[in-house]
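A.B. asks: take a look and give me a structure for this.
(2 chains)
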Amino acid sequence: MSADLAAGAVPMVRAERVRKSFGQHVALREVSLTVAPGEVTCLIGPSGSGKTTFLRCINHLERISGGRLEVDGELVGYREHRGRIRELRPRDIARKRREIGMVFQRFNLFPHLTALENIIEAPVRVRAERRSAATQRGRALLARVGLADRADAYPAELSGGQQQRVAIARALAMRPKLMLFDEPTSALDPELVGEVLEIMRQLAAEGMTMLVVTHELGFAREAADTVVFMDAGTVVEVGPPATLLTAPAHERTRAFLSKVL
Amino acid sequence: MTAADASPPERGAAVPPLAPAPAPTPGPAAVATAGTGVGVDVDAVPLRHPGRWAAGVVILVLAAMGVHSLVTNPNFQWGTVGDYLFAEPVLRGMWATVYLTVIAMAIGIVGGIGLAILRMSPNPVVAGAAWLYIWFFRGTPLLVQILFWSFIGALYPRLSLGIPFGPSFVSGDANHIVPLFAAAVLGLGLNEAAYMAEIVRAGINGVDAGQTEAASALGMPRALTLRRIVLPQAMRTIIPPTGNETISMLKTTSLVSVISYNELLNATRLIYARNFQTVPLLIVAALWYLALTSVLTAGQHQLERRFARGILPRVGERR
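C.D. replies: The predicted model follows:
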């Protein structure tokens, strides 16, 4: 919830009492959150607190059970027509997802394609960009994540950190207006975490709107504008990192921080 | 820096390229070390393996007996085998077998992919229909199915194309529309589709769900994701059993000799029905089947290598 959100500006993400349950299990209960354009928000909290579920709801990988969720002023997965909310067709959902980049904990690169092919696949196939133009941009993106010389490597030939950097480049190739990171460094060996966080820091500095589920409190402290602490499917506390990470208002936040710091 | 950074691992290497793992067989370096006497050779009496020697001797004796009988038993009539091995009717039958195999497998693979996709449809009627198809074609003997197709004229004397329960546009004699070759190909191909469907489904299910999610997150539609991301990866697990199916199909084509389709077995049967040289002609057929399956085995190996690209043990990643 950005304090400096200009009045009247359309928030990039607006969640209003979002609920999500898997059968009997309630993953999210009434999550409300607003992310302004250009804002970097880190979601922290114990495992099972609903951070990842919430992130997946934002690009409709999970369908919300209740409440209201908007990205850039438009409903996620639905449209409003004459006062009724209607489900979108899969093709329209796919179109909206192109504007939201996602980086996964386990990278999820396509193993049968090289690093460059991973990056240009979606621009060429779904954005109908010309292969030559997409390739040129793909190489530029690889250079940006420091992997210009690994364009023809298959994912299995790359280290975890390199794979995650390719995954970030792949998401950026679609020119998203919002980037979602789902524990991007949790599957990495400790010495490879830094190179991925560095790319994310650069991205944040360039003004990308980012929503990051992370356990890297150091990154949250340096790069985030806002830190959100979630527990048991609810947002417990929202605030700037300096406040939330050093002088949390809630007992549950304090208990969590004392365990991880 | 990980091992992968230092030197790209050899593609298709069986051993994970985690740097200083010892080579499975001593390379030139190891040999050189031993030769220059840097290492100390252990001077020990090697363990004897009498069991291995005994087994080897038994098998060699049995093999010698087999070869001896092949050479000395006049009933094999190797001369007759040689006379007919490249005889024109036999070669024609051999090519008919190849055509049947190729077309039946093409129907089987295309149909199998289609059925597998239908089987995973969210529409229960569609999925149920695919299930029913597989249930029926796997549940009845292939021989019965082939006979059914050849007697389709008895079941439906006339076939027509038109509006269901309405007028028909074209119609014709079933025996004319479904000739012997079509009966053979339909019998083999439609049955194969049922088996291929299960192989394809297992292959698709074996692809990590994260792959579909990553494609979805990039805004790729379902069909494109299946074609560009899921199927190419599923191919790696689909190809080995498909190779087995093809080899099996090559031999199964001999079943259509019961409807007198003139493939390899039927061609040799027609000859020995006239000259009563049954055994030599069956040997002729067996030799051709062996030769053809050997070619297929080599082709299968090449395909497996082709689709293994990029699939290597993961490096620098915690599981």
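
A.B. asks: buried sites along stretch B:73-82?
C.D. replies: Buried residues in stretch B:73-82, defined by neighbour count with 16 or more other Cβ atoms under 10 Å in any protein chain shown: B:80, B:81. In this view, the C-beta of every residue, glycine as well, is placed from N, C-alpha and C.

A.B. asks: buried ones in the longest helix along chain B?
C.D. replies: Counting residues, the longest helix found in chain B (DSSP state H) is helix B:88-119. Within helix B:88-119, the residues scored as buried using 16+ other Cβ under 10 Å are B:90, B:93-94, B:96-98, B:100-101, B:104-105, B:107-109, B:111-113, B:115-119.

A.B. asks: in contact with residue 181, which residues?
C.D. replies: I went with chain A, as the question did not name one. Contact partners of residue A:181, counting by Cβ atoms under 8 Å, 6 or more residues apart in numbering or on different chains, are A:102, A:103, A:200, A:210, A:211, A:212, A:213, A:214.

A.B. asks: correction: the question concerned chain B.
C.D. replies: residue B:261.

A.B. asks: now the element after the helix or strand hosting residue B:236, going C-ward?
C.D. replies: According to DSSP states H and E, residue B:236 maps onto helix B:231-252. Downstream of helix B:231-252, the first helix or strand assigned by DSSP H and E is helix B:264-275.

A.B. asks: okay, buried residues for that following helix please.
C.D. replies: Residues of helix B:264-275 classed as buried by neighbour count (16+ other Cβ under 10 Å): B:264, B:265, B:266, B:267, B:268, B:269, B:270, B:271, B:272.

A.B. asks: can you check stretch A:219-238 too?
C.D. replies: Buried residues in stretch A:219-238, counted by 16+ other Cβ under 10 Å: A:219-220, A:223-231, A:233-238.

A.B. asks: so the spatially most central residue of chain A: helix, strand or coil?
C.D. replies: In chain A, the residue lying closest to the centroid (Cα atoms, centre = their mean) is residue A:180, at 0.9 Å. Under DSSP: H, G, I helix; E, B strand; the rest coil, residue A:180 falls in the strand class.

A.B. asks: repeat for the one 4 residues further on
C.D. replies: The assignment at residue A:184 comes out as coil when based on three-state DSSP.

A.B. asks: what about stretch A:115-126, near chain B?
C.D. replies: Yes - for stretch A:115-126, a contact with chain B is found by Cβ under 8 Å from any Cβ of the partner chain, at A:121, A:122, A:125, A:126.

A.B. asks: the third one is in contact with residue B:224, isn't it?
C.D. replies: Read that as residue A:125. Yes - using Cβ atoms under 8 Å, residue A:125 is in contact with residue B:224, at 5.9 Å.

A.B. asks: how many neighbours does the closest residue to residue B:242 other than its chain neighbours have?
C.D. replies: Residue nearest to residue B:242 in three dimensions, not counting chain neighbours: residue B:199, with 6.3 Å by Cβ to Cβ, 6 or more residues apart in numbering or on different chains. Neighbours of residue B:199 under the rule other Cβ atoms under 10 Å in any protein chain shown: 23.

A.B. asks: next: the one 4 residues further on.
C.D. replies: Counted with other Cβ under 10 Å, the neighbours of residue B:203 add up to 22.

A.B. asks: next up, the contacts around it.
C.D. replies: Neighbours of residue B:203 in contact, by Cβ under 8 Å, 6+ apart: B:234, B:235, B:236, B:237, B:238.

A.B. asks: so it, which of the three states?
C.D. replies: Three-state assignment for residue B:203 (three-state DSSP): helix.

A.B. asks: that older thread, the residue nearest to residue B:242 and chain A, how far apart?
C.D. replies: Applying Cβ to the nearest Cβ, to the nearest Å, the value for residue B:199 to chain A is 19 Å.

A.B. asks: please report how far that residue lies from residue B:112.
C.D. replies: Taking Cβ to Cβ, to the nearest Å as the measure, residue B:199 falls 7 Å from residue B:112.

A.B. asks: with residue B:99 instead?
C.D. replies: Look at residue B:99 and residue B:112: by Cβ to Cβ, they are 20 Å apart.
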